[in-house]
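Peer 1: using only what follows, build the 3D model:
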Amino acid sequence: MMRLADDPEVARFRAEFAAFLDARLPAEAEARERSRSSAHVPEWARRWQRTLFEHGWLLPGQPPEYGGRHATLPQQLAQLEELAHRRIYHSFNPQGLGIVAASLLTFGSEEQKSRWAVPILRAEITAALGMSEPEAGSDLASLRTRAVLDGDAFVVDGQKIWTSGAHDADVLLTFVRTDPDAPRHRGISALLIPTDSEGVVRRPFGSIAAEDDLDFNEVFLTGVRVPRENLVGPLNEGWRVANGSLGHERTLLWLSYAERLEDLVRDAAGAGGDQEWYATLQMDLQALRLLGHRQLGQDRDPAEISVLKLLGSEAVQNASLHALEAHGAGALPHPALTGPYHHMNNEAFVSSWFERYARSFAGTIAGGTSEIQRNIIAERVLGLPR
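Peer 2: Numbers count the residues shown, from 1 in each chain. As a prediction, this is how the structure comes out:
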């Protein structure tokens, strides 16, 4: 595995985390119940996430009160690499941990951090992200869900779509339009909406991977009253919160694509006897890791992170397509395992070749589509005119 040369502090950090995992990791018999969506966390996984939180290993870069230990970025990378090496899924509520809680720690009030962020981090509640809409998918500025301030509460009306895990989540970080007369990128706010609020209806639906793959949701909001204290960040500055939310998602997102590429190297090596494909897969993996590590050694430029996101997501998709085609009809049966099962991992990563390819599209959409990434790279990295 290609890494930055570990300095002694990073090496000690990695060894300490490895020893913690050796001593504390749940046994397979304990983890029989499996997650049903990205906001459904089985009880054993909740206990495990709380254990990580209490020992400072959940988000090592945060202070101890938020599940960390003030780790440096290279130390955080070492922790994630150790999890990946052992095929341990970081959290079965990835949006809750990596986007919603992270956004609250950046933009939320102290009361919001205590009331919402810490319970999400401790897996006492789960969260989902209410961003996309039927006519405003990747274009957040076109969202139509309205929130009108009425006394000490906002009244919310509208619809969200593709809301992963909403039917199992306790709260939605929801982006709404609070000033309809403001320019498109202004007049947007972020609200925390408990899913048991009157007027919230969640309807899960199957995905391209399988009819019974119930993670995506339609969410209907009709006259939902949301207390004003649930406003995250200043009124009408939700665009900044949204960019911060996606920034949290993107910073080390390249590492997850590197993990998927390594899985493909392991599970589909030599598929179809195509040595050129295998060489391309290895080169994409090494290029992604080199560029990712380069980002750790300099001030992080969000525009350059777009290069990593685009390269990683499309490399995974291209490699998954090749594996699907190489296995022919044998790639289609569902359910199936195409890699080793590990009780601490998300088995979607080793599902049928068709499902692995179908799920690769999420990588080119979530966190900003490939088209958006290309626009960012063209304008901010290459300096091309709009």
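Peer 1: where in the chain is pLDDT low?
Peer 2: 1-6, 137-138, 245-251, 269-273, 297-302 (pLDDT under 70).
Peer 1: mind naming the longest helix for it?
Peer 2: When the chain is parsed with DSSP state H, its longest helix is helix 302-327.
Peer 1: list the buried residues in that helix.
Peer 2: Within helix 302-327, the residues that count as buried by 16 or more other C-beta atoms under 10 Å are 304-320, 322-324, 326-327. For glycine as for every other residue, the C-beta is placed from the backbone atoms N, C-alpha and C.
Peer 1: kindly report the same for stretch 115-131.
Peer 2: Within stretch 115-131, the residues scored as buried using 16+ other C-beta under 10 Å are 115-123, 125-131.
Peer 1: hmm, back to that, give me the contacts around whatever helix or strand comes next after the longest helix of the chain.
Peer 2: Once helix 302-327 ends, the next helix or strand along the chain (criterion: DSSP states H and E) is helix 353-363. For helix 353-363, the external contacting residues (C-beta atoms under 8 Å, 6 or more residues apart in numbering) are 207-210, 257, 260, 268, 312-313, 316-317, 320-321, 323-324, 327, 330-332, 334, 336, 338, 348-351.
Peer 1: which strands or helices does the helix or strand following helix 353-363 pack on?
Peer 2: Downstream of helix 353-363, the next assigned helix or strand under DSSP H and E is helix 370-376. Using 3 or more C-beta pairs under 8 Å, 6 or more residues apart in numbering; DSSP states H and E as the contact test, the elements touching helix 370-376 are helix 302-327.
Peer 1: how much does the helix it packs on deviate in direction from helix 353-363?
Peer 2: 170 degrees (axes from the mean of the first three to the mean of the last three C-alpha atoms, to 10 degrees).
Peer 1: for the stretch 101-250 of the chain, what spans make up the strands?
Peer 2: Counting by DSSP state E, counting those that start in this stretch, the segments of the stretch 101-250 of the chain that form strands are 127-130, 146-150, 153-160, 171-177, 188-194, 200-204, 217-227, 231-232.
Peer 1: and the first one, what does it pack onto?
Peer 2: Think strand 127-130. If you count contacts as 3+ C-beta pairs under 8 Å, 6+ apart, strand 127-130 packs onto helix 94-95, strand 171-177.
Peer 1: packing partners of the longest helix of the chain?
Peer 2: Judged by 3+ C-beta pairs under 8 Å, 6+ apart, helix 302-327 is in contact with helix 238-250, helix 253-267, helix 275-296, helix 353-363, helix 370-376.
Peer 1: would you turn the ones you listed into a markdown table with distance to residue 146 and mean neighbour count?
Peer 2: Below are the helices and strands packed on helix 302-327 laid out as a markdown table (distance: least, C-beta to C-beta, whole Å; neighbours: other C-beta atoms under 10 Å):
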| stretch | distance to residue 146 | mean neighbour count |
| --- | --- | --- |
| helix 238-250 | 13 | 21 |
| helix 253-267 | 31 | 20 |
| helix 275-296 | 38 | 16 |
| helix 353-363 | 28 | 21 |
| helix 370-376 | 25 | 16 |
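Peer 1: of those, which is nearest residue 193?
Peer 2: Each of these has some distance to residue 193 by C-beta to C-beta; the shortest is helix 238-250, at 13.2 Å.
Peer 1: among the helices and strands packed on helix 302-327, which is nearest residue 7?
Peer 2: helix 275-296 (12.2 Å).
Peer 1: and that closest one, how far out from the chain's middle?
Peer 2: 22 Å (C-alpha atoms, centre = their mean, to the nearest Å).
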